[in-house]
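A.B. asks: Need coordinates for the following:
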Amino acid sequence: MNFVRNFAVAAAVAMTAFGAVSVHAEDKISEFRIGVLGGENQSDRMRSNECVRSKVEALLGVPTKIFAPADYNGVIEGLIGRNLDMAWLGASGYAKTYITDPEAVEPVLVKINADGSMGYHSIGFARVDGNIKSLDDMKGKKFGFGDPNSTSGYLIPSIEIPAAGFPMESGKYFGEVVFTGGHEQTIVAVANGDIDAGVTWADGLGAWEEGYNSGALRKAADAGLVDMTQLVQIWKSKVIPEGPVVLRKDLPSDVKVKVTGLIAGLASLDPECAYSFMAGEIKGMAPVSHETYEVIIEARKRKMK
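C.D. replies: Below you'll find the model as predicted:
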């Protein structure tokens, strides 16, 4: 009954949000395509999102497929090209999509953390046995970003860390600064000692030893990729707005309402599926709009200059 009630509330929110439907919207669709950002290997991403795919397919009555490109840009380009219908983006990924084509997608929902907050952090971390306890210990050492389109894996740390007095150009303070390709790659690279420290994302709630309540560290710990007791946090960003679940803007309005309602009620309908889809423990989902990401869009524009 909770799901029915939550679905009704979410659907009402969605109907209000989509009240002014574009005259260019399609009348119907023959399939629905979900894009999944990089961050872990492709097979794990397909498995993590399969429960959502099957629920959307049953709800819409059309074949529903998951696309998991190698990097963030694959999903962003898929949305801009109208080849994808839904994705959970980071704030920076949404910013790039919007800057490139403001009419491509619209943000509809955002994750609510277990404590009711709606933000997360970029987390800098290193190996316990590396004798690195903070960025002060990283002079001359190798530092890893994730994907260039990642909010927590690049955009925010590339702004906040230099502002704290640690320039990110290779050789200026850090011995070398590299891109690993994604969150999972960064975590594995640090754990294996290929880089001395890197950044990834987490809600910052719960126990470090479990990888916090949600985020890339939690997924890596759950998958057995890392022993969190062998890693140490060395830096933490300010709060970052949670990335939005976005829908293709010119989808039929009834499709938007149904899918938004389904995702909004997922934590009540199927907590295990919500845990898998949202990379850890969540309280629920809340409506979100473009205005939430205007600060990130401006930050992204400054990095492009």
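
A.B. asks: So which bits of stretch 102-121 are buried?
C.D. replies: For stretch 102-121, the neighbour count (16 or more other CB atoms under 10 Å) marks 104-113, 118, 120-121 as buried. Heads up, the C-betas are built off the backbone N, CA and C, glycines and all.

A.B. asks: Kindly check the end-to-end length of it for me.
C.D. replies: 26 Å (CA to CA, to the nearest Å).

A.B. asks: Quick one: mean pLDDT over that stretch.
C.D. replies: Regarding stretch 102-121, the rounded mean pLDDT is 93.

A.B. asks: Could you give the separation of it from the chain centroid?
C.D. replies: 9 Å (CA atoms, centre = their mean, to the nearest Å).

A.B. asks: now do stretch 99-113
C.D. replies: For stretch 99-113, the distance to the chain centre is 12 Å (CA atoms, centre = their mean).

A.B. asks: Then stretch 116-124?
C.D. replies: 11 Å.

A.B. asks: what's the answer for stretch 211-225, then?
C.D. replies: 14 Å.

A.B. asks: Worst mean pLDDT across the helices and strands of the chain, which element?
C.D. replies: helix 2-17 (a mean of 47; mean pLDDT, DSSP states H and E).

A.B. asks: is it true that G78 touches K65?
C.D. replies: No: with contact defined as CB atoms under 8 Å, G78 does not count as touching K65 (11.5 Å).

A.B. asks: Who are the contact partners of N83?
C.D. replies: By CB atoms under 8 Å, 6 or more residues apart in numbering, the contact list for N83 reads R33.

A.B. asks: Tell me the spacing between it and S276.
C.D. replies: 24 Å (CB to CB, to the nearest Å).

A.B. asks: Could you give the number of residues near the closest residue to W235 other than its chain neighbours?
C.D. replies: Counting by CB to CB, 6 or more residues apart in numbering, W235 lies nearest to G124, which is 3.1 Å off, once chain neighbours are set aside. G124: 25 surrounding residues under other CB atoms under 10 Å.

A.B. asks: How about the secondary structure of V232?
C.D. replies: strand (DSSP: H, G, I helix; E, B strand; the rest coil).

A.B. asks: Need the pLDDT of it.
C.D. replies: Looking at V232, the pLDDT reads 98.

A.B. asks: distance of it from E209?
C.D. replies: The gap separating V232 from E209 is 11 Å, by CB to CB.

A.B. asks: Looking at the two now, which is surrounded by more residues?
C.D. replies: When V232 and E209 are compared for neighbours, V232 comes out ahead with 19 against 11, by other CB under 10 Å.

A.B. asks: do you know how far the more buried one is from I123?
C.D. replies: 11 Å.

A.B. asks: What strands flank the strand or helix carrying the residue nearest to W235, and is each parallel or antiparallel?
C.D. replies: Per DSSP states H and E: G124 is located in strand 119-127. If you go by DSSP bridges, strand 119-127 pairs up with strand 197-202 (antiparallel), strand 231-236 (antiparallel), strand 240-241 (antiparallel).

A.B. asks: So which residues of the stretch 51-200 of the chain form strands?
C.D. replies: Assigned by DSSP state E, counting those that start in this stretch, the stretch 51-200 of the chain shows strands spanning 64-67, 86-88, 105-112, 119-127, 142-145, 176-179, 197-202.

A.B. asks: So for E57, which of these sits nearest?
C.D. replies: strand 64-67 (3.8 Å; CB to CB).

A.B. asks: buried set for the closest one?
C.D. replies: T64, I66, F67.

A.B. asks: And stretch 84-99, by the same measure?
C.D. replies: For stretch 84-99, a neighbour-count test (16+ other CB under 10 Å) marks 84-98 as buried.
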